[in-house]
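Chemist: sequence? don't have it. structure:
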């Protein structure tokens, strides 16, 4: 195991060094010049072509709807085709870094839509920053991503600071008690899960609650021993920033114990959907908090197109955020591009990035986007659901 870890670290370092060398040689030009007849190229790094990863798969389908609707950029009565170069990092940080390095080295891309997973966003961000490649993520929500000063990174979903503030508020107000055990996955998408746990810890403390146990979960966690440890601290509620498989194992370990039936909350609709599939009986009564697009006629119309085009309605909301990301890229490109008489298109990457960061009042399907100085662009509602008689019931919507 140690040998494999050393090898992975070496490969990651080598990729980074190679990418920096290539960027120095090929991506130093800040102006994107597109000759007549050539397309505008946009990179896509979304996680989860496989429909089992619902957050990423939803984004892919939202992007597909946007490209079908608008396959070309229109400027001064001319159409410039848009060429979408797609890759899937499968929510893996090393894969995301390798793909980001390749995208950054090309020199012919204007922007990147993606990734979906916060760990993938974290790994890709330095490459995009160095190449002045503006990225727009539909669903990377970890607070740290906009706290590190990246000029190129933007998120078109709510920062988890907002979601955890609302989750903590609900836990403190639902009457179940203020002693909370917080568990988090430490070996899967760690930027997201560990960030969620850290933020929840701060938010619960700010409201007078107490984290009686903070536990890192891995695939090797002995859940029977974990049950004994939890019984010792006697929590009144549980919050699991974790993979659904870990939550299922936790519920199984607590069965027939004094802790069985304690209120358990997780984050994201795909989490509760997977948990119900894994352990439908034990999932009964479980809570989940999820970001949500504000209801609108435009959202309803896009959902109807999604169902008609692909024959399915997705549980995750991020398809509309990816749809908006594509539209925002094209609208901003049209605003800053210079089209010469011979058909040559010129776009200054720095001007494009600055225009994205300055976005204010952009009306999309997921809501109205106002990007701040750090790259947070949307403040979405949050929904609290509970599993009741096998159905997911909406209990409360926070929109403040």
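Modeler: The structure has been received and is ready for your questions. Given the structure is predicted, the values throughout are model-derived calculations rather than measurements.
Chemist: Tell me how many other residues surround residue 228.
Modeler: Counted with other CB atoms under 10 Å, residues neighbouring residue 228 total 11. C-beta here means a position set from N, CA and C on the backbone, and glycine is covered the same way.
Chemist: Contacts for the longest strand out of those in the chain, please.
Modeler: Assignment by DSSP state E gives strand 78-87 as the longest strand of the chain. Strand 78-87 is contacted from outside by 34, 39-46, 63, 67, 70-74, 99, 102-103, 109, 330, 339, 343, 345, using CB atoms under 8 Å, 6 or more residues apart in numbering.
Chemist: And it, what's buried?
Modeler: When burial is assessed from 16 or more other CB atoms under 10 Å, strand 78-87 yields the following buried residues: 80, 82, 84, 86-87.
Chemist: Likewise for stretch 276-293?
Modeler: 276, 278-279, 282-283, 286-293.
Chemist: Give the rounded mean pLDDT of it.
Modeler: The predicted model assigns stretch 276-293 a mean pLDDT of 94.
Chemist: from the chain's centre, how far out does it sit?
Modeler: On the basis of CA atoms, centre = their mean, to the nearest Å, stretch 276-293 is displaced by 19 Å from the centre of the chain it belongs to.
Chemist: again with stretch 37-44
Modeler: 24 Å.
Chemist: Kindly report the same for stretch 239-253.
Modeler: With CA atoms, centre = their mean, you get 21 Å for stretch 239-253.
Chemist: which non-adjacent residue is nearest residue 276?
Modeler: residue 283 (4.7 Å; CB to CB, 6 or more residues apart in numbering).
Chemist: Run a quick neighbour tally on the closest residue to residue 174 other than its chain neighbours.
Modeler: Distances taken as CB to CB, 6+ apart place residue 263 nearest to residue 174, at 7.1 Å, with adjacent residues excluded. For residue 263, the neighbour count with other CB under 10 Å is 19.
Chemist: in the stretch 101-250 of the chain, which spans are helices?
Modeler: 118-130, 160-173, 190-206, 223-233, 244-254 (DSSP state H, counting those that start in this stretch).
Chemist: Just the ones in helices from the contacts of strand 78-87, please.
Modeler: 63, 67, 99, 102-103, 330 (DSSP state H).
Chemist: Residue 216 against residue 188, yeah?
Modeler: No: when contacts are counted by CB atoms under 8 Å, residue 216 is not listed as touching residue 188 (11.4 Å).
Chemist: Compare the ones in helices among the contacts of strand 78-87 and tell me which has the most neighbours.
Modeler: Busiest of those [other CB under 10 Å] is residue 103, holding 27 neighbours.
Chemist: and the longest strand of the chain, how far from the chain's centre?
Modeler: The answer for strand 78-87 is 23 Å, by CA atoms, centre = their mean.
Chemist: for stretch 308-323, same thing?
Modeler: The answer for stretch 308-323 is 15 Å, by CA atoms, centre = their mean.
Chemist: domains of the chain?
Modeler: 2-158+295-370, 161-291+382-398 (automatic domain parsing).
Chemist: Just give me the lowest mean pLDDT stretch among those.
Modeler: domain 2-158+295-370 (a mean of 87).
Chemist: So residue 353 sits against residue 132, correct?
Modeler: Yes: counting by CB under 8 Å, residue 353 does reach residue 132; the two are 6.3 Å apart.
Chemist: Hmm, residue 37 is touching residue 343, no?
Modeler: Yes: the pair residue 37 and residue 343 qualifies as a contact (CB under 8 Å) at a distance of 7.2 Å.
Chemist: These two: who's more crowded?
Modeler: Using other CB under 10 Å as the criterion, residue 37 and residue 343 rank with residue 343 on top: 13 against 8.
Chemist: quick one: the closest residue to residue 357 other than its chain neighbours from residue 44, how far?
Modeler: Nearest residue to residue 357 in three dimensions, chain neighbours excluded: residue 371, at 5.5 Å (CB to CB, 6+ apart). When distance is defined by CB to CB, to the nearest Å, residue 371 is 20 Å away from residue 44.
Chemist: got it, and residue 363?
Modeler: 23 Å.
Chemist: Please name the residues that touch the residue nearest to residue 201 when sequence neighbours are not counted.
Modeler: Of all residues beyond its chain neighbours, the one nearest residue 201 is residue 211 (5.4 Å), with distances taken as CB to CB, 6+ apart. For residue 211, the contact set (CB under 8 Å, 6+ apart) comprises 180-182, 201, 204-205.
Chemist: Please name the bridge partners of residue 211.
Modeler: residue 180 (DSSP bridges).
Chemist: beta partners for residue 216?
Modeler: residue 184.
Chemist: Give me the neighbour count for it.
Modeler: Using other CB under 10 Å: residue 216 sits among 15 other residues.
Chemist: Could you pull up the contacting residues of it?
Modeler: 183-186.
Chemist: Which among the contacts of strand 78-87 count as buried?
Modeler: 34, 39-46, 63, 67, 73, 99, 102-103, 109, 330, 339, 345.
Chemist: Identify the residues contacting residue 288.
Modeler: 265-269, 271-272, 384-386, 392.
Chemist: repeat that with 7 Å
Modeler: 265-267, 269, 271-272, 385 (CB atoms under 7 Å, 6 or more residues apart in numbering).
Chemist: Pipe those residues into a markdown table and attach distance to residue 59 and neighbour count per row.
Modeler: Putting these into a markdown table (distance: CB to CB, whole Å; neighbours: other CB atoms under 10 Å) gives the following:
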| residue | distance to residue 59 | neighbour count |
| --- | --- | --- |
| 265 | 24 | 24 |
| 266 | 20 | 27 |
| 267 | 17 | 26 |
| 269 | 14 | 24 |
| 271 | 16 | 23 |
| 272 | 19 | 25 |
| 385 | 21 | 19 |
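Chemist: Inside helices: which ones of those residues?
Modeler: Going by DSSP H, the helices hold 269, 271-272 from those.
Chemist: Name the member of those with the shortest distance to residue 308.
Modeler: Of all these, residue 308 sits closest to residue 269, with 21.7 Å by CB to CB.
Chemist: That closest one against residue 289, yeah?
Modeler: No: counting by CB atoms under 7 Å, residue 269 does not reach residue 289; the two are 9.4 Å apart.
Chemist: got the contact list for the closest residue to residue 215 other than its chain neighbours?
Modeler: Using CB to CB, 6+ apart and skipping residues adjacent in sequence, the residue nearest residue 215 is residue 183, 4.7 Å away. Taking CB under 7 Å, 6+ apart, we find residue 183 in contact with 215, 217, 238, 240, 242, 250.
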